[in-house]
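Asks: no letters, just coordinates:
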C-alpha cells in the first residue's frame, strides 16, 4: 500500500542533515536485539471501557460469552492466560479467535491504540497466546491457529493477518524461552524455528505499523517491535538478503529501513553476502545506468512514482551513520533526490499541475541559476566515468581469476593494477568535486550573509541618524497643535488617540488586537468625546512618556539583533576551520555548538511590532497636523517623508530573518564540506591500500595457491559491492542533474512566454529523449517581448453585462486585503483598455511589469496646505499564462508592485512628473497627482519571472494625510466610476510556436482544443504598433457632470440618477456616499 510522506520542519531538516553527515545518531548506542524486552501492560482506564460488539453470524451461546471474555481481557491488558475454554471444538474456537482479532483490528482498535499506539508494539506479548494454550491443553490448537490465519487472510484487512502472525510468533518465542536459560541450550532445529518466529514477529510488527497512515514515519519506526532474548545478532539478515519482488509501496522495504533502530552499525557491517547491498539497490542501479548512458528519463520514472520514497529517506536520515555503507545510507540518500526529481517530473508531465519555480529565481540572476545546473552536470560526469571504469575493472578481475596461462594472467593483473590506480584517481576527483561544491556553496552563503549584514548596518545607521530629528518634528507638531488649540479653542479630537494608547501596557508592551482594530474603526465617533487645551497637554505628555519611549524601546530591542546573528554565525567558524583529519566525533561536537546557538536565538522584534508602532505614530501625526494648521506646515510636510523610517525598521527585521536563514545554509554547507573531507581521506586511504594489496598479491601469483585464488574471489566480490555503491552515487547525481535540468527548462520556458526553448522541447515531447545539457546552460533569448504602456480601468460595480468588478467599499477600507484577478475575457479587456484592438489572447501571453493603481480621494476639499499620500501595495505569486498556452499555471516567487503618490499637489510643491487626477470631474476640485513610486517591478525581463496579467492580485491600500478637510466614507457607496490603473504589459506572440504539453510515457497527449474557435490570427506586434500608447501623464477623465444630489449611474453614457436616501453626492457627482461629519 502507498502512504503520503510528511516533510519535516526546517529546523528538523537542519538537525537531520547534520546528523546524517557526522553520525550524530550513533547506532552503537542502540540496544542490541538480544536484550530482554519487557512486556507492556495496558492501562486500567481501558478496562471494560468498550463493550463487546454483537457476535458475527454462527457465534452464539457459550461461545458468545467466550468471545466477550476474550475482548474484555484484551482491552483490560490482563491477556488471555487466565481464560478457560470449557468446551473446545476446532470450528467454534476458530470462529471465536477470528471474531476477536477482527474486532480488535477494526471497531476496537481506537481504544486499544490509546495504550499501545500500534497493535504490533508489545500488544502480541500482552495477549499471551502461550499462556492460553497452557491453560487449555489440547492437540487441536495447531488446527485452530492454521484455520484462524486462513480465515483472517480471506478478510483482506490491513491489520488482522499481521496481528495474528505476531501473536502466534510470540507464542513460539515464549514457549522456547520458558524451557532454556541461555542461547547455548538451543538445539539446531529449535534455534532455526526460534529465529523464524523472531523474524515473523518483527516483520508483522512492521507491517502493522506501516498500515497506520495517521503516524509520521518517525513514529512508524518507533512502534516497530523486536522480541527474542536468545536471538543471534544476525537473526535479521534473511529479511533483507532475498530480492524483493516490488520496491514501490512494499512494507518490507520499510521493515528493512526500520531495522536501523534495532541493529547496531557494527552488526550491520558484519552481515554476510553482497545481497545486503544490492537486493533493493539493483533496480536503481540498472535504471540509473540506463539513464546516464541514454538520457532515458522513462527508465527511472516508474521507480519514482511512489510518494513513500521521501519517508524512506527520513528514516534513513534519522538512524543512518557512515558505517551503514550501502544498504541503508545510500538508498536514503537516493530517495531524497528521487522524490525531488519525481515532483519536478510530475509538474512537467501533468498539464493540470501547478509548476513551482524556485524562490531563488527571484533574487538570483539567470546565469547563476544555470551555473548551478552546470555544477550538477559536472558531478554526474565524474560519477558516470567512475561507473564505467569500475565496469572495466570488474571484467578484468574476472578474466584474471579464470584459468589462463601465467603469462596472460600476469598481463591481466597488470591491467587490473593500472585500472585500480585510474579508479583511485577518479574517486579522488569525485571526493574533490564534492569538496569543491561544498566550499562553493558555503562561500556563496557567506557572501550573501555579509551583504545582509552590511545592509542591516547601513539601515541601522540611517535609522539612528534620522530617528531623533523625526521624533523632534513630532514634538514640534504637538507644540504647534497646543498653540493652535489655545488660540481657537478648537474642538478636541484626542479621545481617539487616548483610547488607542489605552490598549497598550507601555511596560510589557502587550496589545489587544481586537480592541485596537475596534478603536481604529470607530475613530470618527471617538473624536467627539474629548476637547480643549487640557487634552492637548495630556496628549503631549503621552507622546513624551509613552509613544517616544515605545519607539526607543523598539530601537533598543532591535539594536542587538545584528550582533546576536553575527554571534550565531561565529559558532560556525571552528567547524569551518576544523583541523585536517578531524574525526566524525570532533565534527559532531563542533556542529552541536551551532545547533545550540541557533536553537537558542529568540527574535526580539517581529514585523508586526514595527507595524503597531507605525500605526500609532501615523495616526497621531495625522491628528496633530489637522489641529496645528499653518503653524506646522513645514514639519507636517516633512514628517510624512521622515515616517519612511518605519519602512527601514521593517527592512531590518526582514533582512535579519534572511540573514538567519543564510546562516542555516552556511551550516549545511560547512557540514557537507567537512564530510567531503572525511570522505576524501577515506577514499585515499582505502584505495591506495587496495592497489598495494594487488601489487603484493601479484608477486605471489605464480604459486597459484588455493588461498591466493580465494583472495582474488573475495576481492572481486568487494569490487562488485563497491561498484554498487558507486552506481548508487551515479544515480543520485543523475537524478539531481535531471531535476536541475527539468527545473531549468521550466524556468526558461516560463520566461519565454510559455514556449519551450529549442533544447528543452525534445524532452517535453518525449521524456526518453536525450537533452543537450550544454546548450541549455548556454542558452540566450533571441526575441524580446513587446512593451505596452497604457491606462486601464477596473469597474467598481456590477453592470448590465455582468462584468467582473472590484468592490470599491472594501478597497477604500484601510487594513483590508482585497483579491482581484483580471478576467481572461477579450471583450472585458478591450472594453476597459487592457489590450489594444485586434490582440488575440489565443496567440499572446501577457506579463505584468507595472501595476500603478490610483484610488479615489479620501478627503473632499483640495487646495489646502498639507499632504495626502496614498500607498497601494499589490502582490502576486500564482501565475496563469492564459489561453495561449492552455492556461498553464506556475507558482512564482512573490512579486510586489508598490504604487505611492501624493494626491494633494499644490503650487508650492514642485513635481516634474505630475499628471491630472483621473477622478477629476467638472464640479470637483482635485489637485494634480505626483507619483512617488510608480508600481513597477525593478527587474530585467529575461532574468526574473514576472506574473502574468491573469495572476490573482492581492491589493492593500494605506492613506496617510496631514490635511484638515473631512474624510469621505465609502460605506454603501453608489457610483459607476472605474478605478484607473497605470500598467506596463509585456506581450509574447506564441503564434506558430509549439506549446509544450508534456506527457508521461504511455499517456495520450492532452488536447489543445478550446471551447470556442480562435479568432482571426493576430500577433501582439501589429496591434501594439497600430495603437497610440496612452500614459498617465496624458490620461484625463471625461468631464461628466451631475447636479447636486445625483451621481453618475453609467460611466459609459454619462447618465445620472438621484443619490439613494441617506447619501450625498461628492466629487462633482462621481459617487454618492454617507454624509461626512466630524
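Replies: That came in fine, so what should we check first? Model, not experiment: these values are computed from the prediction.

Asks: from here on, contacts and neighbour counts on C-alpha atoms
Replies: Noted.

Asks: please parse the protein into its domains.
Replies: 10-349, 449-671, 786-994+1004-1036 (automatic domain parsing).

Asks: which strands or helices does whichever strand or helix holds residue 443 pack on?
Replies: Assigned by DSSP states H and E, residue 443 belongs to helix 406-488. In terms of contacts (3 or more C-alpha pairs under 8 Å, 6 or more residues apart in numbering; DSSP states H and E), helix 406-488 is packed against helix 366-400, helix 533-542, helix 548-570, helix 607-628, helix 633-642, helix 645-699.

Asks: and the nearest residue to residue 480 once chain neighbours are set aside, what does it touch?
Replies: Take residue 480 and drop its neighbours on the chain: the residue closest to it by C-alpha to C-alpha, 6 or more residues apart in numbering is residue 628, 5.2 Å away. Residue 628 is in contact with 477-478, 480-485, counting by C-alpha atoms under 8 Å, 6 or more residues apart in numbering.

Asks: could you do residue 936 as well?
Replies: Per C-alpha under 8 Å, 6+ apart, neighbours of residue 936: 849-852, 897-899.

Asks: so it bridges to which residues?
Replies: Beta-bridge pairing for residue 936 (DSSP bridges): residue 850.

Asks: the chain should start at 334 in everything you say after this.
Replies: That works, and once the first residue is 334, the last one we named lands at residue 1269.

Asks: for the helix or strand harbouring residue 536, name the packing helices and strands.
Replies: Residue 536 belongs to helix 521-543 when elements are defined using DSSP H and E. With contacts taken as 3+ C-alpha pairs under 8 Å, 6+ apart, helix 521-543 sits against helix 493-510, helix 550-555, helix 584-595.

Asks: quick one: contacts of that helix?
Replies: Residues contacting helix 521-543 (C-alpha under 8 Å, 6+ apart): 451-454, 491-492, 495-496, 498-500, 502-503, 505-506, 509, 553-554, 556-561, 564-565, 568-569, 572, 584-585, 587-588, 591.

Asks: swap the cut-off to 7 Å and go again
Replies: 451-454, 492, 495-496, 498-499, 502-503, 505-506, 553, 556-561, 564, 568-569, 584, 588 (C-alpha atoms under 7 Å, 6 or more residues apart in numbering).

Asks: about what we covered before: compare the helices and strands packed on helix 521-543 and give me the one nearest residue 1279.
Replies: Of all these, helix 550-555 sits nearest to residue 1279, with 38.2 Å by C-alpha to C-alpha.

Asks: hang on, the earlier thing: avg pLDDT for the helix holding residue 776?
Replies: Helix 739-821 carries an average pLDDT of 77.

Asks: with stretch 464-472 instead?
Replies: 91.

Asks: what's the first-to-last distance across it?
Replies: Terminal residues of stretch 464-472 are spaced 15 Å apart (C-alpha to C-alpha, to the nearest Å).

Asks: and what of stretch 556-572?
Replies: Note: stretch 556-572 ends 18 Å apart using C-alpha to C-alpha.

Asks: what are the buried residues along that stretch?
Replies: 556-564, 568-570, 572 (16 or more other C-alpha atoms under 10 Å).

Asks: ok, so of these, who is nearest residue 1268?
Replies: When the buried residues of stretch 556-572 are ranked by distance to residue 1268 (C-alpha to C-alpha), residue 556 comes first, at 55.5 Å.

Asks: contact partners for that closest one?
Replies: Residues near residue 556 by C-alpha under 7 Å, 6+ apart: 451, 454, 542.

Asks: what's the local residue count around the residue nearest to residue 466 when sequence neighbours are not counted?
Replies: Once flanking residues are discounted, residue 466 sits nearest to residue 474: 7.4 Å by C-alpha to C-alpha, 6+ apart. By other C-alpha atoms under 10 Å, the residues close to residue 474 number 17.

Asks: and residue 474, what are its phi and psi?
Replies: As for residue 474, its main-chain torsions (degrees, to the nearest 10) stand at phi -60, psi -40.

Asks: gap between it and residue 483?
Replies: With C-alpha to C-alpha as the criterion, residue 474 and residue 483 are 14 Å apart.

Asks: could you do residue 456 as well?
Replies: Taking C-alpha to C-alpha, one finds residue 456 at 21 Å from residue 483.

Asks: just want to know which of those two has more residues nearby.
Replies: residue 456 (27 against 13).

Asks: residues contacting that one?
Replies: residue 449.

Asks: can you redo the buried residues of stretch 556-572 as TSV with secondary structure, pLDDT and distance to residue 1092?
Replies: Shown next, in TSV, are the buried residues of stretch 556-572 (DSSP: H, G, I helix; E, B strand; the rest coil; pLDDT from 0 to 100; distance: C-alpha to C-alpha, whole Å):
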residue	secondary structure	pLDDT	distance to residue 1092
556	coil	83	49
557	coil	88	49
558	coil	89	52
559	coil	92	54
560	coil	92	57
561	coil	91	60
562	coil	91	61
563	coil	91	62
564	coil	90	59
568	coil	87	53
569	coil	84	50
570	helix	77	48
572	helix	76	46
